[in-house]
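Trainee: Next come a sequence and a model predicted from it.
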Amino acid sequence: MNAWAALAGELTEVLHPVAPPIAITFSDAPPEGIAAFDAPMPPPTPDGRTGRVSAGCVFWMEAAHRTFSTEPADHGNCSVGRLTHGLATLEEVAGNSDVAALLESGWVGMEDVPHIPTITGPVGAITYGPLAETAVDPDVVLLRLSPRSVMVLSDAVPEMRIEGKPQCHIVALAHEHDQVAASVGCMLSRVRTGMGHTEMTCAVPGGRLAEVVERLRGAAHVDGTVARYAADDARRFART
């Protein structure tokens, strides 16, 4: 068992994630020996948007089951995800119809867009897959967690950022700023991915994962002690 598989096992044991932890790795070109994500592309929208999935966050769902590589064109349908993942600039996506729809709805204001964390591009390829199977050191580890598990992680990493929309920008926070970041999710991503209403996501910088796991051990022990105390104390209020 390699180190990443061992860390994936510990994360699973402590946090009980909704899906296996996934590895996300950015590179200049698709890596050799890793199959490309090959779902067909649908016809483009009038403004030219298309991709192999409706949004890059959909790749998170697929990566729980297998390892694959993606190219920028595969992410082309979601302008927000292209921006956060360093696949396009704000100038390149600002005129797209999906951006217009989000602005017109009031979901986000144009004044907010320049402050969304993004990955410094250009990015030539992004590889996704189960952390336990990764053959390379991942840039970011993404977790799908219950709120209870986010609570434990917050105890372990009190400096963790809790973010909102768009959900995918937590990957940029981990990659560019070396920050552990959780997201309450966003409606754009929840609908496209089918994420459960009780799920949250968290991005951990790959280089910090061993440190985070070590801190999780202590937090989980403390929470276990408190849980046992609370359960014992609550028995006084049980109705016979």
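Mentor: It's in.
Trainee: Please point out which parts of stretch 86-106 sit buried.
Mentor: The neighbour-count check on stretch 86-106 (16 or more other CB atoms under 10 Å) flags 86-88, 93, 96, 98-99, 102 as buried. In this view, the C-beta of every residue, glycine as well, is placed from N, C-alpha and C.
Trainee: Dump these to JSON lines, plus distance to residue 57 and secondary structure.
Mentor: Listed next are the buried residues of stretch 86-106 as JSON lines, based on distance: CB to CB, whole Å; DSSP: H, G, I helix; E, B strand; the rest coil:
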{"residue": "86", "distance to residue 57": "15", "secondary structure": "coil"}
{"residue": "87", "distance to residue 57": "13", "secondary structure": "coil"}
{"residue": "88", "distance to residue 57": "16", "secondary structure": "coil"}
{"residue": "93", "distance to residue 57": "16", "secondary structure": "helix"}
{"residue": "96", "distance to residue 57": "17", "secondary structure": "coil"}
{"residue": "98", "distance to residue 57": "14", "secondary structure": "helix"}
{"residue": "99", "distance to residue 57": "16", "secondary structure": "helix"}
{"residue": "102", "distance to residue 57": "15", "secondary structure": "helix"}
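Trainee: Out of those, which is nearest to residue 72?
Mentor: residue 87 (4.6 Å; CB to CB).
Trainee: Contact partners for that closest one?
Mentor: Residue 87 makes contact with 72, 75, 81, 121-123 under the criterion CB atoms under 8 Å, 6 or more residues apart in numbering.
Trainee: Apart from its neighbours in sequence, what residue is nearest it?
Mentor: In this structure, residue 87 finds its nearest non-sequential neighbour in residue 72, 4.6 Å apart by CB to CB, 6 or more residues apart in numbering.
Trainee: what about the one you found, neighbour count?
Mentor: The tally of other residues near residue 72 (other CB atoms under 10 Å) stands at 18.
Trainee: Excluding covalently adjacent residues, which one is nearest to the residue nearest the centre of the chain?
Mentor: Taking CA atoms, centre = their mean, the centroid of the chain lies closest to residue 142, which sits 4.4 Å from it. Once flanking residues are discounted, residue 142 sits nearest to residue 22: 5.0 Å by CB to CB, 6+ apart.
Trainee: partners of the one you found in the sheet?
Mentor: Beta-bridge partners recorded for residue 22 (DSSP bridges): residue 130, residue 142.
Trainee: what's around it, how many residues?
Mentor: Residues near residue 22, counting by other CB under 10 Å: 28.
Trainee: how near is it to residue 125?
Mentor: Distance of residue 22 to residue 125, computed by CB to CB, to the nearest Å: 16 Å.
Trainee: ditto for residue 74
Mentor: From residue 74 to residue 125 the distance is 9 Å (CB to CB).
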